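S.K.: what's the 3D shape of this:
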Amino acid sequence: MREIRCIVFEDGELIKALLAHGRRTGKALPAGHISSFEIQRSKDVIARMTITSDEGGKTIVPTSGAELAAAMIAYCIDRKVPVPAQSAKSITVIDDHVALKITMSGD
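M.R.: Here you go, the predicted structure:
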């Protein structure tokens, strides 16, 4: 028997998770403000932030795969949401929001 739990992130929470992950890993975003945010569902789930500089230039910053999962897991841990270390984790989309899917074995 297995247990599956999904932690669904609102867009604002996912942006906060990505910004915190960038600070933690030293991957700073380009100067400017976040002008748009979208989720792309293809082979992988991709979170895309568009950063607009003060001069009006736009830079798209995509995050997917292990980096996206790491940002989401760290965000959960920072907020004391339990994420079992021995569980399988994956990223999925539920109701147009990105979710961290946690699968635990009942052994």
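S.K.: just for this structure, where's the confidence low?
M.R.: Residue ranges of the chain with pLDDT under 70: 106-107.
S.K.: where along it do the strands fall?
M.R.: With strands called from DSSP state E, the chain shows them at 2-8, 33-41, 45-52, 58-64, 88-94, 97-105.
S.K.: strand partners of the third one, parallel vs antiparallel please.
M.R.: Strand 45-52 sits in its sheet next to strand 33-41 (antiparallel), strand 58-64 (antiparallel), going by DSSP bridges.
S.K.: Compute the inter-axis angle for that strand and strand 97-105.
M.R.: 150 degrees (axes from the mean of the first three to the mean of the last three Cα atoms, to 10 degrees).
S.K.: oh, and call the first residue 30 from now on, that's how I've got it
M.R.: Noted, 30 is the first residue going forward, which turns the last one into strand 74-81.
S.K.: Could you pull out the buried residues of strand 74-81?
M.R.: Buried residues in strand 74-81, defined by neighbour count with 16 or more other Cβ atoms under 10 Å: 74-76, 78, 80. Where you see a C-beta, it was placed from the backbone N, CA and C, and this is true even at glycine.
S.K.: Make TSV from the strands paired with strand 74-81 and add mean neighbour count to it.
M.R.: Output for these, formatted as TSV (neighbours: other Cβ atoms under 10 Å):
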stretch	mean neighbour count
strand 62-70	13
strand 87-93	14
